[in-house]
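Chemist: Below are the sequence and a predicted model for it; my questions follow.
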Amino acid sequence: MDTDAPRILVADDEQLIREVLADFLSMEGFHVRTAADGREAIGELSRAPYDLVLSDLKMPNMGGLELLGAIQENTPNVVTVIMTGFGTVETAIHAMKQGAYDYILKPFKMEEVVQTIRRALEQQRLKSENLRLKEALSLYKVSEAIATSLSLDQVMDTVIDAAHDEILADQVAIYLKDGEGGFYERLNSTRESESERVAPRLREVRIEALAENFPEEEKLITHDGECEAWLTQADRPSPASLMATQMRVRGEVSGYLVAVSYADGRRFTEGQRKLLSMVGNRGSAAIENAKLYENLQATFRQTIRGLASAIDKMDRYTAGHSERVANYAAMIARKLDMDEPQVEIVRQAALMHDIGKIGCVMNLNKPGKLSESEYDEFKHHPGYGKDILEPIAFLHPIIPGVHFHHERWDGHGYPLGLEAQEIPIIARIISVADTYDAMTSDRAYRRALPHEVATGEIERCCGSQFDPDIAHPFLERIEEHREELRSNPPAASSDADET
Ligand SMILES: [Fe+2]
């Protein structure tokens with residue numbers, strides 16, 4: 001017998017019909033089994049996969065309609081053909097409305113049965129091919145979205161969205177290993193389902209589709225450990241169906257992706273199980289990458305922050321300068337309605353604006369002003385800063401701020417003498433913040449100027465040194481800031497108010 005032959009289950013309470021059909025269909029090359037009623041058929045369907053059920057309408061224990069209902073519910077990929085006598089054609093038509101593919105009138109001709117079965121199988125083949133294409137398409141969409149997400153939060157959101165949309169889960173959660181032998185819930189998202197919510201009550205939770213060879217020590221998440229706690233929380237109803245898939249990195253379990261359906265009687269299908277497992281696979285690699293990337297970024301930022309503060313400390317007069325400039329610059333960026341990621345870039349650039357001083361070998365700490373040659377050397381620091389940051393790809397967005405913070409609106413600045421809008425906005429912002437802080441702090445050659453003198457000077461230099469569209473919002477914002485500090489003084493001395 002050809003093992004790839006379509007598998008047919010014949011359900012009929014008349015033994016003769018079962019035998020005749022089994023013999024004949026076997027000769028036609030089908031793989032055939034028989035059942036004497038609906039209940040037996042259901043048992044057989046749960047034991048082995050079938051492509052088609054040929055069922056009598058009237059049988060003891062369980063008839064054809066009820067069997068059809070059970071097939072639709074549990075094994076919707078199996079196509080059903082109903083056999084019926086003349087008296088029950090109405091019921092057979094009803095069965096077709098319920099999802100049966102076709103009906104055959106008894107007594108039947110064998111050729112007619114075979115033709116109907118072949119048509120039904122062909123239609124089934126097309127349907128499942130279509131389904132596979134749809135699955136592949138969803139997976140492609142998900143993979144693409146995950147691959148283009150860079151931050152950890154973005155990856156998590158994409159994985160969760162994919163699970164919600166493609167799997168139609170009511171609730172999706174990601175658990176990641178905490179590195180101390182436990183798990184933590186990294187993200188848990190519920191969406192309102194159109195279907196009715198089940199009231200919280202105790203009942204057996206069906207845990208479907210756990211990965212094969214689930215290691216004993218990992219069971220806590222889906223059996224009685226963390227996940228049980230999650231499932232039995234008072235504000236969450238008991239799930240009707242639950243799937244969990246392992247997320248693995250280099251062969252190790254790094255977490256779990258859990259999808260839950262609350263709609264009464266709704267079970268996740270095999271296709272949804274596969275999809276969850278694929279989303280979990282794609283997601284775990286992306287989550288790991290994002291984690292590594294975020295760690296790397298944090299390490300770089302810390303190092304550079306350390307360098308910036310070391311440079312400030314080379315000159316006792318500029319201690320804390322970079323931090324304060326970063327605060328003022330972020331204030332301006334927010335005042336200009338920049339979005340938070342942009343504000344963060346402005347802040348980072350301001351923090352590192354003088355990083356290039358590391359390349360200037362003269363003594364910045366000497367009393368009095370720099371000599372002309374020293375000043376020429378000093379003017380190289382924005383370029384040195386750019387050279388320092390250039391090899392680090394993710395710091396590229398802050399380079400314009402570092403490189404051009406000494407350019408002037410009127411084009412008389414350095415290093416390139418850029419003018420007006422040619423100067424990147426981030427550098428125009430840092431220029432104002434830097435000058436305000438320099439004026440309001442003590443310097444080797446003079447005492448700190450009062451706030452009013454500094455703001456007057458910025459006002460005076462609008463349109464020459466500064467972009468008026470940056471300087472004016474700053475002047476407004478700094479007054480608001482001082483007002484805020486006056487009405488709500490910080491416990492410790494503030495870095496951002498140094499007048
Ligand atoms: Fe500078």
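Modeler: Good, I have the coordinates.

Chemist: count of neighbours near residue 390?
Modeler: 12 (other CB atoms under 10 Å). Quick note: C-beta positions are derived from backbone N, CA and C, even for glycine.

Chemist: residue ranges for the strands of this structure, please.
Modeler: With DSSP state E, the ranges of strands along the chain come out as 7-11, 31-35, 52-56, 79-84, 102-105, 171-177, 183-190, 207-208, 241-249, 252-261.

Chemist: any idea which of the ones you listed is most buried?
Modeler: strand 52-56 (a mean of 26; mean count of other CB atoms under 10 Å).

Chemist: Does anything pack onto it? Which helices or strands?
Modeler: Judged by 3 or more CB pairs under 8 Å, 6 or more residues apart in numbering; DSSP states H and E, strand 52-56 is in contact with strand 7-11, helix 38-47, helix 64-74, strand 79-84, helix 110-148.

Chemist: With distance to residue 246 and mean pLDDT added, can I get the ones you listed in a markdown table?
Modeler: Converted to a markdown table, the helices and strands packed on strand 52-56 look like this (distance: least, CB to CB, whole Å; pLDDT from 0 to 100):
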| stretch | distance to residue 246 | mean pLDDT |
| --- | --- | --- |
| strand 7-11 | 31 | 96 |
| helix 38-47 | 26 | 92 |
| helix 64-74 | 25 | 90 |
| strand 79-84 | 34 | 92 |
| helix 110-148 | 17 | 80 |
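
Chemist: List just the one of the ones you listed that sits closest to residue 340.
Modeler: helix 110-148 (20.3 Å; CB to CB).

Chemist: how far out from the middle of the chain is that closest one?
Modeler: 28 Å (CA atoms, centre = their mean, to the nearest Å).

Chemist: ok, now stretch 244-259?
Modeler: With CA atoms, centre = their mean as the basis, stretch 244-259 stands 15 Å off its chain's centre.

Chemist: same thing with stretch 296-310?
Modeler: Distance, stretch centre to chain centre, for stretch 296-310: 28 Å (CA atoms, centre = their mean).

Chemist: could you give me the average pLDDT of that stretch?
Modeler: For stretch 296-310, mean pLDDT rounds to 79.

Chemist: okay, it in CSV with CA atoms only?
Modeler: C-alpha atoms of stretch 296-310 as CSV (Å, rounded to 0.1, in the frame of the first residue of the first chain):
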residue,chain,number,x,y,z
LEU,A,296,27.2,47.4,24.0
GLN,A,297,25.6,50.9,23.6
ALA,A,298,25.4,51.3,27.4
THR,A,299,29.0,50.3,27.8
PHE,A,300,30.1,52.8,25.1
ARG,A,301,28.0,55.6,26.5
GLN,A,302,29.4,55.0,30.0
THR,A,303,32.9,55.0,28.7
ILE,A,304,32.4,58.2,26.8
ARG,A,305,30.6,59.8,29.7
GLY,A,306,33.6,58.9,31.8
LEU,A,307,35.9,60.5,29.2
ALA,A,308,33.8,63.6,29.0
SER,A,309,33.9,64.0,32.8
ALA,A,310,37.6,63.3,32.9
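
Chemist: can you list contacts of it?
Modeler: With CB atoms under 8 Å, 6 or more residues apart in numbering as the contact definition, stretch 296-310 has outside contacts at 322, 323, 348, 351, 352, 354, 355, 358, 392, 394, 395.

Chemist: let's see 6 Å
Modeler: 322, 351, 352, 355, 394 (CB atoms under 6 Å, 6 or more residues apart in numbering).

Chemist: can you check stretch 88-107 too?
Modeler: 57, 65, 68, 72, 79-85, 113, 116, 120.

Chemist: of all these, which two lie farthest apart?
Modeler: 72 and 85 (23.4 Å).

Chemist: what's residue 60 sitting at in phi/psi?
Modeler: phi -70, psi 170 (degrees, to the nearest 10).

Chemist: Contacts only, for it.
Modeler: Applying CB under 6 Å, 6+ apart, the residues contacting residue 60 are 13, 37.

Chemist: pLDDT score assigned to it?
Modeler: pLDDT at residue 60 comes out at 91.

Chemist: where's it relative to residue 46, distance?
Modeler: Separation of residue 60 from residue 46 (CB to CB, to the nearest Å): 20 Å.

Chemist: thinking again about what came up before, which among the contacts of stretch 296-310 count as buried?
Modeler: Taking 16 or more other CB atoms under 10 Å as the criterion, what is buried in the contacts of stretch 296-310 is 322, 351, 352, 355.

Chemist: pLDDT for the residues you listed - can I get that in a markdown table?
Modeler: Formatted as a markdown table, the buried ones among the contacts of stretch 296-310 follow (pLDDT from 0 to 100):
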| residue | pLDDT |
| --- | --- |
| 322 | 88 |
| 351 | 90 |
| 352 | 89 |
| 355 | 87 |
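
Chemist: a markdown table for the residues you listed, including distance to residue 404?
Modeler: Formatted as a markdown table, the buried ones among the contacts of stretch 296-310 follow (distance: CB to CB, whole Å):
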| residue | distance to residue 404 |
| --- | --- |
| 322 | 17 |
| 351 | 16 |
| 352 | 13 |
| 355 | 14 |
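
Chemist: tell me which of these is nearest to residue 385?
Modeler: residue 355 (4.6 Å).

Chemist: list the contacts for the closest one?
Modeler: So residue 355 contacts 308, 385, 388 (CB under 6 Å, 6+ apart).

Chemist: From the residues you listed, list the buried ones, please.
Modeler: Using 16+ other CB under 10 Å, the buried ones in the contacts of residue 355 are 308, 385, 388.

Chemist: For the second one, which non-adjacent residue is closest in space?
Modeler: This means residue 385. residue 356 (3.1 Å; CB to CB, 6 or more residues apart in numbering).
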